[in-house]
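Peer 1: Need coordinates for the following:
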Amino acid sequence: MSKKRIFAGVLALIIAAGAGYFVARKQFLGAISIDTASAQSLLTGARTAGAGKENAAALTSAMSGKIITVKSGELIQDAVNLAKPGDTVQVMPGTYSETVYIDKDNIALIGVIQEGQWPTLDGIGKLNDAVLYSGNGIRVENFKIIKYKGNAIMGQAGNNFVIRHNWIQDTGVYGIFPQFGQNGLIQYNVLSGIEDAAIYVGMSDNIQVDHNEVHGNVAGIEIENSRHAVVENNMVYDNAGGILTFVTPWLPIKTTFDVIIRNNFIVDNNHKNFGAPGSIVSGVPSGSGIIVMAAKDVMIENNVIRNNKNAGIIVADHKSFANITIDPESDPYPDRIQVLSNLFSNNGTEPMDEIKALMLASMTRQGPDIVAVGGGSGSCMVDRATHATLGISSWAANCPKATTADIVTLLLDKPAVPRSTATVTKGQVLYNGICAGCHAYSARMIGPPTQIIQALYLGNPQGIADYIAKPSKKREDFPPMPSQGHLTPELRLTVAEYMLSVKN
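Peer 2: The predicted structure follows:
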């Protein structure tokens, strides 16, 4: 590839992504005023041949029902309880210390920002979650969310969601956490101080993550056991790991594939890893820009990857990654990773010991822009000779696809149908959408493995049902569990019975 083409691509990236970043900063941190009527679509792209464009507009268009306004001193949950599908709950500036649960379809929860004053959900260091939703067609926009112990915004098997324009700080385990959802948009959010992943897309499909700013977290953006995702135009800096694309073993969904990571600024991700000891994310080496673990068909293009002290990009299999218990039903190898044109600079200046050993074996003192360890096949990297690389001698020098520019989004052409229990049990939907995000079957994520829970509660599903309604902290080496008291006693017992029956 010519130097002229490389320069043109990088210049376009800097203009597009940089402009988007500064617009987002102005929207978030300046004195702005947003009301429901002005909350219109900022996503104008579409997949090849226009597919997905109509759905993207539908996701972000105004709701058709009435507006219920919540003023400071009132409860947001009271308004949600009154709302019907199609309604908008409009929240005025003020401080609200509560957990909001949305179990209805097509509800918009929209904050109003006036003269720099936000509607603020404050967990005061005691509450676990700010917003939980299980409905389809949910929107959460324009909130400042602080000091929760569990999650800021968690989706529990809801499809067709929009989470944008939120300012999230110090909310415990995850910031934005759609779990077991399909067809969702996450954009223009600012997140910091999260002890796992600021934006964590778990076991989901057809997701767009763009124009977010993530900094000061263990992981910036994580696409885990998910498929058909675009991560673009994000500012990712001062995290331990910037963007992660993982297959985590022992989850109900066993694959991650068809992921595009492009047009992002991934710089200075050298924060100390403060993840829970023993968890998978605690094994993410500080100083890593992008990590691909066991995922397939990942395309990395037009990113600025700079000043990440461990490495710019790491591609690894399960056997080469810390704190992994091998799942025989998960393919442990990363295949068909395509590293297209990117701008690398000053990566690998303080690599971990394992990378130092690879450097010594390769007789080089230059830290890597990209390093691959373990197995995998079918991968490629363009312009290899101009970058510092380790472990990619088997990779092709030419990639099958020169650019991803023809793919604008991987959102569905039409809204996804709601999750159905026609082919699976309600307990399975609840387990996948709620429990599996923290409890892998035989590996530690956030909470103890499901196998351990099964041993503790053998023959006692009611014990699990009672505990998840009013959990207490039992072990110092695990964070407190968020209450699932919003579930009815019948549903809690249903998911408990399913959890005791799971075999993988």
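Peer 1: can I assume Tyr200 sits in a strand?
Peer 2: Yes: the assignment for Tyr200 (DSSP: H, G, I helix; E, B strand; the rest coil) places it in a strand.
Peer 1: Contact partners for it?
Peer 2: Contact partners of Tyr200, counting by Cβ atoms under 8 Å, 6 or more residues apart in numbering, are 174-177, 219, 222, 224, 437. The C-beta positions use only the backbone N, C-alpha and C, and glycine is treated the same way.
Peer 1: so what's it bridging to?
Peer 2: Taking DSSP bridges as the rule, Tyr200 bridges to Glu222.
Peer 1: So Asn308 belongs to a helix, correct?
Peer 2: No: counting by three-state DSSP, Asn308 is not found in a helix; it is coil.
Peer 1: Ser341: neighbour count?
Peer 2: 22 (other Cβ atoms under 10 Å).
Peer 1: Met299 is in contact with that one, correct?
Peer 2: No: using Cβ atoms under 8 Å, Ser341 is not in contact with Met299, being 11.1 Å away.
Peer 1: List the buried residues for whichever strand or helix holds Tyr467?
Peer 2: Per DSSP states H and E: Tyr467 is located in helix 461-469. For helix 461-469, a neighbour-count test (16 or more other Cβ atoms under 10 Å) marks 461, 464-465, 467-468 as buried.
Peer 1: and what of stretch 81-95?
Peer 2: Going by neighbour count (16+ other Cβ under 10 Å), the buried part of stretch 81-95 is 83, 87-94.
Peer 1: want to throw those residues into JSON lines with secondary structure and pLDDT?
Peer 2: As requested, these are exported to JSON lines (DSSP: H, G, I helix; E, B strand; the rest coil; pLDDT from 0 to 100):
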{"residue": "Ala83", "secondary structure": "coil", "pLDDT": "97"}
{"residue": "Asp87", "secondary structure": "coil", "pLDDT": "97"}
{"residue": "Thr88", "secondary structure": "strand", "pLDDT": "97"}
{"residue": "Val89", "secondary structure": "strand", "pLDDT": "98"}
{"residue": "Gln90", "secondary structure": "strand", "pLDDT": "98"}
{"residue": "Val91", "secondary structure": "strand", "pLDDT": "98"}
{"residue": "Met92", "secondary structure": "coil", "pLDDT": "98"}
{"residue": "Pro93", "secondary structure": "coil", "pLDDT": "98"}
{"residue": "Gly94", "secondary structure": "strand", "pLDDT": "98"}
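Peer 1: how close does the most centrally placed residue in the chain get to Pro178?
Peer 2: Centrality entry for the chain: nearest residue to the mean C-alpha point is Tyr200, 2.2 Å, by Cα atoms, centre = their mean. As for Tyr200, its distance to Pro178 is 8 Å (criterion: Cβ to Cβ, to the nearest Å).
Peer 1: Then Met481?
Peer 2: For Met481, the distance to Pro178 equals 19 Å [Cβ to Cβ].
Peer 1: which of those two has more neighbours?
Peer 2: Neighbours were counted for Met481 and for Pro178 using other Cβ under 10 Å; Pro178 has more, 31 against 20.
Peer 1: Please tell me how far the more buried one sits from Asn323.
Peer 2: As judged by Cβ to Cβ, Pro178 and Asn323 stand 24 Å apart.
Peer 1: low-scoring pLDDT stretches of the protein, where are they?
Peer 2: 1-55, 419-424, 429, 432-433, 436-437, 441, 443, 445, 477 (pLDDT under 70).
Peer 1: what ranges do the helices span in it?
Peer 2: Under the criterion DSSP state H, the chain contains helices at 3-29, 53-60, 76-82, 353-361, 426-430, 450-456, 461-469, 489-501.
Peer 1: Just the buried residues of the third one, please?
Peer 2: When you say that, I think you mean helix 76-82. Along helix 76-82, these residues count as buried under the neighbour rule (16+ other Cβ under 10 Å): 76-77, 79-80.
Peer 1: Which pair of these spans the longest distance?
Peer 2: Farthest-apart pair in these is Gln77 and Ala79; separation 7.4 Å (Cβ to Cβ).
Peer 1: which neighbours do the two share?
Peer 2: With Cβ under 8 Å, 6+ apart, Gln77 and Ala79 have no common neighbours.
Peer 1: number of nearby residues for Ser192?
Peer 2: When neighbours are counted by other Cβ under 10 Å, Ser192 comes out with 19.
Peer 1: Name the residues that touch stretch 492-504?
Peer 2: 250, 327, 329, 425-428, 430-431, 434-435, 439, 441-442, 450, 453-454, 457-459, 461-466, 468-469, 484, 487.
Peer 1: List the contacts of the residue lying closest to Gly278 once chain neighbours are set aside.
Peer 2: Distances taken as Cβ to Cβ, 6 or more residues apart in numbering place Arg444 nearest to Gly278, at 5.3 Å, with adjacent residues excluded. By Cβ under 8 Å, 6+ apart, the contact set of Arg444 is 278-280, 323.
Peer 1: tally of neighbours for Gln454?
Peer 2: Quick note: Gln454 (other Cβ under 10 Å) scores 17 neighbours.
Peer 1: Strands along the stretch 201-350 of the chain, start to end?
Peer 2: Along the stretch 201-350 of the chain, counting by DSSP state E, counting those that start in this stretch, strands occupy 205-210, 213-215, 219-224, 227-232, 235-237, 241-246, 257-262, 265-267, 288-293, 296-301, 304-306, 311-316, 338-339, 343-345.
Peer 1: so Ile113 bridges to which residues?
Peer 2: In this entry, Ile113 is beta-bridged to Ile34, by DSSP bridges.
Peer 1: Assess the claim that it and Pro93 are in contact.
Peer 2: Yes: the pair Ile113 / Pro93 is scored as a contact, 7.0 Å apart, by Cβ under 8 Å.
Peer 1: Need the overlap of contacts for these two.
Peer 2: Common neighbours of Ile113 and Pro93 (Cβ under 8 Å, 6+ apart) are Pro119.
Peer 1: Format the strands of the stretch 201-350 of the chain as a markdown table; extra columns: mean neighbour count and distance to Asp129.
Peer 2: Listed next are the strands of the stretch 201-350 of the chain as a markdown table, based on neighbours: other Cβ atoms under 10 Å; distance: least, Cβ to Cβ, whole Å:
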| stretch | mean neighbour count | distance to Asp129 |
| --- | --- | --- |
| strand 205-210 | 25 | 21 |
| strand 213-215 | 23 | 19 |
| strand 219-224 | 30 | 18 |
| strand 227-232 | 24 | 24 |
| strand 235-237 | 25 | 24 |
| strand 241-246 | 29 | 22 |
| strand 257-262 | 22 | 27 |
| strand 265-267 | 24 | 29 |
| strand 288-293 | 29 | 27 |
| strand 296-301 | 23 | 31 |
| strand 304-306 | 23 | 33 |
| strand 311-316 | 29 | 32 |
| strand 338-339 | 26 | 37 |
| strand 343-345 | 18 | 38 |
